[in-house]
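[1] Sequence and computational prediction follow.
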Amino acid sequence: MILDLHLHSELSDDSRAPVEAYLKVLQRKRAERPLDGIVLTEHRQFDPARDYRALEDRYGFLILNAAEVETDYGHVLVYGVNRDILARFDFTDVRLPAQELVTEVARLGGIALPCHPGRPTVGLCDHYERRPPLDGVVAVEALNGGSRKGEDARVAELIRRFGYGAYGGSDSHLVSFVGVCATEFDAPIRAMDDLVRELVGGRYRPVDFRARRSS
Amino acid sequence: MPLDLDPAIIGQEFDRTVEGPVTAEELVAFARALGESRPEYTEPGPGLVAHPTYCVRFRGGRFYPESLVKLIDVRRGFDAGKDIRLGEPIRPGDTIEVRSTLHEVYEKTGRTGSMYFVVIRFTLVNQRGDVVAVVDNRFMHR
């Protein structure tokens, strides 16, 4: 099962991509990017009331909701967001304490995974040059569709050094980029609980469809 | 550094300015400058209306509220885009009241560091009281 674990819709301030448009692209480009679903990771927010079941039924893709938050160690994706996590952390705070986030989100039933760690300023690699490594990091985003030259290579070194698991996501803010990087899971995923369980369990790998891109 | 902003100023109207009346010549010139050729935007007459993007010409009397100017260096920044919701069409002879509110201020971090985004909302209302457009102007500041 292949999911794009990192993308933004028009609900994020820097994206104008409607969710339905992502699904249309994935439907049209199935041979190029054989995804089964997407996980929306809107910036600094999570709305538990968001419901994409009608789109899931219409297009046959799994659609899950997560969040991308900002911390003192860079940006982090939070999966399995629930009422307890929302009560514990203010997602609009751009200086969330990363160590607390990783530890507490795990305790409260979710998982917090650093994204684009090779990116300057907002990636883990930069912060690890100046500060001690975080405890409890399960995996990092080894492939990010928005990475610039050299950023994914920095992440490869980070993974080698700390033994982190690796996942992938497009970080798409534009409709055409959906699914260019993604994560392949060994087990089927039907809901967020399945996704959190599999991310914790480590039975997945990043997949890169960028070379297949036709347009 | 977190911005020491009084949340009470969010949503407050800080300017109200009337502009116009809009002339047919202005509407036609604007549409033609865009390369528009559809007659409803380019041919003077009873059917003439403003091209939908004409609403971005309105500026109001003051762009930022005074309280924000004290907190942010407004000389360092750039236009980060506009969201426009269209209402009734603008027609020749209309006067447009621009009601300016501070809609949103938020911080985010990116490759180049921390940034503040300010969203100024213009609600454009014609002389009949109809909303012709709501324009959210987004600006980025360091």
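    Good, I have the coordinates.

[2] C-alpha from now on. contacts and neighbour counts both.
    Will do.

[3] Just the pLDDT at the residue lying farthest from the centre of chain A, thanks.
    Distance from the centre of chain A peaks at A:Arg130, with 24.7 Å (Cα atoms, centre = their mean). Model confidence at A:Arg130, given as pLDDT, is 95.

[4] B:Lys82: neighbouring residues, count only.
    Neighbour count for B:Lys82, taken as other Cα atoms under 10 Å in any protein chain shown: 15.

[5] can you check the one 10 residues further on too?
    The tally of other residues near B:Pro92 (other Cα under 10 Å) stands at 20.

[6] Quick one: the strands in chain B, in order.
    B:13-19, B:77-86, B:96-110, B:113-126, B:131-141 (DSSP state E).

[7] Pull the distance from stretch B:81-97 to the chain's centre.
    10 Å (Cα atoms, centre = their mean, to the nearest Å).

[8] Please apply the same query to stretch A:82-94.
    Worked out by Cα atoms, centre = their mean, stretch A:82-94 lies 17 Å from the chain centre.

[9] Quote the end-to-end distance of it.
    End-to-end distance of stretch A:82-94: 20 Å, with Cα to Cα, to the nearest Å as the criterion.

[10] got the contact list for that stretch?
    A:44-46, A:48, A:69-72, A:96, A:101, A:104-105, A:108-110, B:107-109 (Cα atoms under 8 Å, 6 or more residues apart in numbering or on different chains).

[11] Give me the subset of those lying in helices.
    Applying DSSP state H to the contacts of stretch A:82-94, the entries found in helices are A:Leu101, A:Glu104, A:Val105.

[12] So for the residue nearest to the last one when sequence neighbours are not counted, what pLDDT did the model give?
    Going back to what we said before, that points to A:Val105. If the residues on either side of it in the chain are set aside, A:Val105 comes closest to A:Ile111, at 5.7 Å by Cα to Cα, 6 or more residues apart in numbering or on different chains. Looking at A:Ile111, its pLDDT is 98.

[13] B:Gly113 now?
    Confidence score, pLDDT, at B:Gly113: 86.

[14] could you dump the strands of chain B to a markdown table with distance to B:Arg57?
    Below are the strands of chain B laid out as a markdown table (distance: least, Cα to Cα, whole Å):
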| stretch | distance to B:Arg57 |
| --- | --- |
| strand B:13-19 | 10 |
| strand B:77-86 | 12 |
| strand B:96-110 | 11 |
| strand B:113-126 | 11 |
| strand B:131-141 | 11 |
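
[15] Would you tell me which of those strands gets closest to A:Gly60?
    Proximity to A:Gly60 (Cα to Cα) singles out strand B:77-86 among the strands of chain B, at 30.9 Å.

[16] still on that earlier bit, ok, the ones in helices among the contacts of stretch A:82-94 vs A:Gly118, which is closest?
    A:Gly118 lies nearest to A:Leu101 out of the ones in helices among the contacts of stretch A:82-94, by Cα to Cα, at 19.7 Å.

[17] Let's verify the residue lying closest to the closest one once chain neighbours are set aside: helix, strand, or coil?
    Using Cα to Cα, 6+ apart and skipping residues adjacent in sequence, the residue nearest A:Leu101 is A:Ala112, 7.0 Å away. What DSSP: H, G, I helix; E, B strand; the rest coil gives for A:Ala112 is strand.
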